[in-house]
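Visitor: I'll drop the sequence and a predicted model, then ask my questions.
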Amino acid sequence: MNFNDTSAAGDSQQTTATAATQPNAVTLDTPVVRGNQTISQVTIRKPRSGELRGTSLASLMQMDVLALTTLLPRVTMPSLTKPEVEALEPSDLLQLGTEVVNFLLPRADRISASPSA
């Protein structure tokens with residue numbers, strides 16, 4: 001077997017896998033208002049293991065609200081506070097939680113779940 005094969009199929013899978021680990025922007029249905037600032041778009045980056053402390057992977061995979069309110073302030077840009085996460089519309093929390101779950105999936109599952117795969 002040739003491990004140096006750079007076929008088009010291999011390239012597209014690598015590109016998809018790389019894209020799945022990059023920060024993802026979420027446009028909020030209801031923007032967060034912080035003083036004079038209005039946050040209408042939040043970027044989620046892939047959490048590192050230390051940022052998962054105080055949560056369980058199973059709870060995050062089930063998009064448990066308590067687990068998400070613990071993790072999201074650690075991985076959002078601009079950084080949302082815990083009270084801001086707790087005040088999000090359910091549809092916005094679901095969008096953010098979906099992005100978190102996508103980061104937790106193994107690479108093979110991210111590739112097969114990708115709409116372009």
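Guide: The structure has been received and is ready for your questions. Residues are numbered from 1 along each chain as shown.
Visitor: Which parts of the protein are helices?
Guide: In the chain, the helices defined using DSSP state H lie at 8-21, 57-61, 65-75, 82-86, 90-104, 107-113.
Visitor: Of all those, which one comes closest to residue 41?
Guide: helix 90-104 (11.0 Å; CB to CB). Quick note: C-beta positions are derived from backbone N, CA and C, even for glycine.
Visitor: Give me the angle between the closest one and helix 65-75.
Guide: Orientation check (axes from the mean of the first three to the mean of the last three CA atoms, to 10 degrees): helix 90-104 against helix 65-75 gives 70 degrees.
Visitor: Average pLDDT for the lengthiest strand in the chain, rounded please.
Guide: When the chain is parsed with DSSP state E, its longest strand is strand 24-34. Across strand 24-34, pLDDT averages out at 94.
Visitor: and among the helices of the chain, the most buried is which?
Guide: Mean neighbour count (mean count of other CB atoms under 10 Å) peaks for helix 65-75 among those, with a mean of 19.
Visitor: so what's the closest residue to residue 52 other than its chain neighbours up against?
Guide: Leaving aside its sequence neighbours, residue 52 sits nearest to residue 71 (CB to CB, 6 or more residues apart in numbering; 6.8 Å). Contacts for residue 71 (CB atoms under 8 Å, 6 or more residues apart in numbering) come out as 47, 51-52, 55, 60, 100.
Visitor: and the gap between residue 71 and residue 105?
Guide: Separation of residue 71 from residue 105 (CB to CB, to the nearest Å) stands at 15 Å.
Visitor: pretty sure residue 63 is touching residue 94, no?
Guide: Yes. Counting by CB atoms under 8 Å, residue 63 does reach residue 94; the two are 7.1 Å apart.
Visitor: still on that earlier bit, let's have the helices of the chain in a markdown table, adding mean pLDDT and distance to residue 28.
Guide: Converted to a markdown table, the helices of the chain look like this (pLDDT from 0 to 100; distance: least, CB to CB, whole Å):
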| stretch | mean pLDDT | distance to residue 28 |
| --- | --- | --- |
| helix 8-21 | 44 | 21 |
| helix 57-61 | 95 | 20 |
| helix 65-75 | 97 | 12 |
| helix 82-86 | 97 | 11 |
| helix 90-104 | 95 | 5 |
| helix 107-113 | 69 | 23 |
